[in-house]
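Asks: heads up, no residue letters with this:
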């Protein structure tokens, strides 16, 4: 069967960036930046994105483009006879399933909040009543199931239309909409009274504040954020390598994906920090920031219902672009490994994920007392396995496969990465790839597990 291809380079870049741009950019990045000395953290983040994120991303894309297959068969096509690298491909499939078992729930929260703001459900609420909306939603298994199911079925519906007519067309529209929304929201936040205090806190390098947080903590937080923002290690990106043309070098494409991902993350902070400072609200971590703090900020603004709806539409686009990108990976894996048609892969994967996402949904109500890994609830346990184990470990496997003689080998990787026009990956970086980068990834892995 002929391999599908992206219709355009813009389509590839927006779909790949859509996979990388997710809830972590908008939710986690601004808070972690604020907690780690603002501009100092951003400088380290950009450094680690360049020296860790870009190289590993080119490796995942290289395996995809050279093999024209998803993870399992991609390794099989490139590995030496008798090698077992392809076993990691099955862990990649499991990792994508596990990621979607909780990500669909959180994406559903964004969708639910968009409808709540748009319909005026927040009108006249203040203080604890605003917090209550989030707690009541979590406590209702039927409502939680509804938003999750709409996300899952909508995602597989898009993927069932194929790469160009489904994923590429919808993601292009969504990502362009997302970029317009984020610009409009940032301009609105920056025009609020007292907004510049928030901008200074967020972006001006303050080494005093970085020292308070501990420079070592700032560096490791920046390393973690730069590494996880691209979703490398479980073949989420590899599948898009298998669809792309050989007209451009992989380093060029990886840099562009990183820049787009970083632009969204940085601009999200320009929405959140000025708004919080303007209304004298502390930007908190996790669910409180998005679902309790920000709704209160919007309700204090003139036209708050409109701005709140717009923000959660932006959040829905950010999360849904990741959902459909990972769903495409699951679809393509089923088509490659089992010879299924696209329609069959859509239906089977959709039914599987509807069932597999239920533990996370029920973990907030029916099973709210259930504690799993290290006393974590269902969502945090699933996220721990993906973020702290499968992503760094998988990235290490991709790296070793691309640089070691027992794997694909550095020369073949470099030839694939440098095929086409644009930025070339220099050969003199080989010692860094072989001796330094594995150690940096191991540090992240060990830190995450501790």
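Replies: That came through, no problem. All figures in this text were calculated on a predicted structure; none of them were measured in a lab.
Asks: Can you list the low-confidence ranges for the protein?
Replies: The chain contains residues with pLDDT under 70 at 1, 284-287.
Asks: Would you report the backbone torsion angles of residue 38?
Replies: Backbone torsions for residue 38, taken as degrees, to the nearest 10, come to phi 60, psi -120.
Asks: So it sits against residue 198, correct?
Replies: No. With contacts counted by C-beta atoms under 8 Å, residue 38 stays clear of residue 198, the gap being 10.3 Å. Every C-beta, even on glycine, is put in place using the N, C-alpha and C of the backbone.
Asks: Residue 339 and residue 240, how far apart?
Replies: Using C-beta to C-beta, to the nearest Å, residue 339 is found at 22 Å from residue 240.
Asks: next one: residue 114
Replies: With C-beta to C-beta as the criterion, residue 114 and residue 240 are 27 Å apart.
Asks: Who has more neighbours out of the two?
Replies: Remark: of residue 114 and residue 240, residue 240 carries more neighbours, 29 against 21, as counted by other C-beta atoms under 10 Å.
Asks: now the host helix or strand of the more buried one: how far from the chain's centre is it?
Replies: Assigned by DSSP states H and E, residue 240 belongs to helix 238-241. A distance of 15 Å separates the centroid of the chain from that of helix 238-241, by C-alpha atoms, centre = their mean, to the nearest Å.
Asks: in terms of contact count, name the helices or strands touching that helix.
Replies: With contacts defined as 3 or more C-beta pairs under 8 Å, 6 or more residues apart in numbering; DSSP states H and E, helix 238-241 has these neighbours: helix 9-20, helix 54-67, helix 71-78, helix 304-338.
Asks: Out of those, which is closest to residue 400?
Replies: helix 54-67 (9.7 Å; C-beta to C-beta).
Asks: and the closest one with helix 71-78, angle?
Replies: Per axes from the mean of the first three to the mean of the last three C-alpha atoms, to 10 degrees, the angle that helix 54-67 makes with helix 71-78 is 70 degrees.
Asks: Could you check the angle helix 54-67 makes with helix 304-338?
Replies: Between helix 54-67 and helix 304-338, the angle comes out at 50 degrees (the same axes, to 10 degrees).
Asks: quick one: helix 54-67 to helix 9-20, angle?
Replies: 120 degrees.
Asks: Would you mind measuring from residue 186 to residue 262?
Replies: The gap separating residue 186 from residue 262 is 14 Å, by C-beta to C-beta.
Asks: Sorry, wrong one. I was asking about residue 425.
Replies: Noted for residue 425: a distance of 20 Å to residue 262, by C-beta to C-beta.
Asks: if we can go back for a sec, anything in contact with each of residue 38 and residue 198?
Replies: When C-beta atoms under 8 Å, 6 or more residues apart in numbering defines a contact, no residue borders residue 38 and residue 198 alike.
Asks: who's in contact with residue 197?
Replies: Contacts of residue 197 (C-beta under 8 Å, 6+ apart): residue 277.
Asks: Sorry, slip of the keys, the one I care about is residue 206.
Replies: Applying C-beta under 8 Å, 6+ apart, the residues contacting residue 206 are 37, 38, 39, 40.
Asks: same check, this time on residue 3
Replies: Neighbours of residue 3 in contact, by C-beta under 8 Å, 6+ apart: 68, 242, 243.
Asks: could you redo those residues as JSON lines and give each row distance to residue 61?
Replies: Shown next, in JSON lines, are these (distance: C-beta to C-beta, whole Å):
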{"residue": "68", "distance to residue 61": "12"}
{"residue": "242", "distance to residue 61": "9"}
{"residue": "243", "distance to residue 61": "10"}
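Asks: Quick one: these as CSV, columns for neighbour count and distance to residue 269 too.
Replies: Formatted as CSV, the contacts of residue 3 follow (neighbours: other C-beta atoms under 10 Å; distance: C-beta to C-beta, whole Å):
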residue, neighbour count, distance to residue 269
68, 18, 38
242, 25, 34
243, 23, 32
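Asks: Isn't residue 205 up against residue 38?
Replies: Yes. Using C-beta under 8 Å, residue 205 is in contact with residue 38, at 6.8 Å.
Asks: neighbour-wise, which of these two wins?
Replies: Higher neighbour count among residue 205 and residue 38: residue 38, with 24 against 13, using other C-beta under 10 Å.
Asks: ok, that one to residue 261 distance?
Replies: To residue 261, residue 38 is 19 Å away according to C-beta to C-beta.
Asks: tell me the secondary structure for residue 170?
Replies: Under DSSP: H, G, I helix; E, B strand; the rest coil, residue 170 falls in the helix class.
Asks: ok, how many other residues are close to it?
Replies: Residues near residue 170, counting by other C-beta under 10 Å, number 21.
Asks: again with residue 180
Replies: 11.
Asks: Taking helix 304-338 as reference, get the angle to whichever helix or strand it is part of.
Replies: Following DSSP H and E, one finds residue 180 within helix 169-190. Orientation check (the same axes, to 10 degrees): helix 169-190 against helix 304-338 gives 150 degrees.
Asks: Helix 169-190: which residues count as buried?
Replies: By neighbour count on 16 or more other C-beta atoms under 10 Å, the buried set for helix 169-190 is 169-172, 174-175, 178-179, 181-182, 185-186, 188-190.
Asks: List the residues that contact the closest residue to residue 312 other than its chain neighbours.
Replies: Of all residues not flanking residue 312 in the chain, residue 114 sits nearest, at 3.9 Å (C-beta to C-beta, 6 or more residues apart in numbering). Residues in contact with residue 114 (C-beta under 8 Å, 6+ apart) are 309, 312, 313, 315, 316.
Asks: Counting neighbours, which bits of stretch 210-221 end up buried?
Replies: Residues 210, 213, 218, 219, 220, 221 are the ones in stretch 210-221 that count as buried (16+ other C-beta under 10 Å).
Asks: And for that stretch, what's in contact with it?
Replies: 32, 35, 36, 37, 40, 41, 44, 443, 447.
Asks: and that stretch, how far apart are its ends?
Replies: One end of stretch 210-221 to the other measures 11 Å (C-alpha to C-alpha, to the nearest Å).
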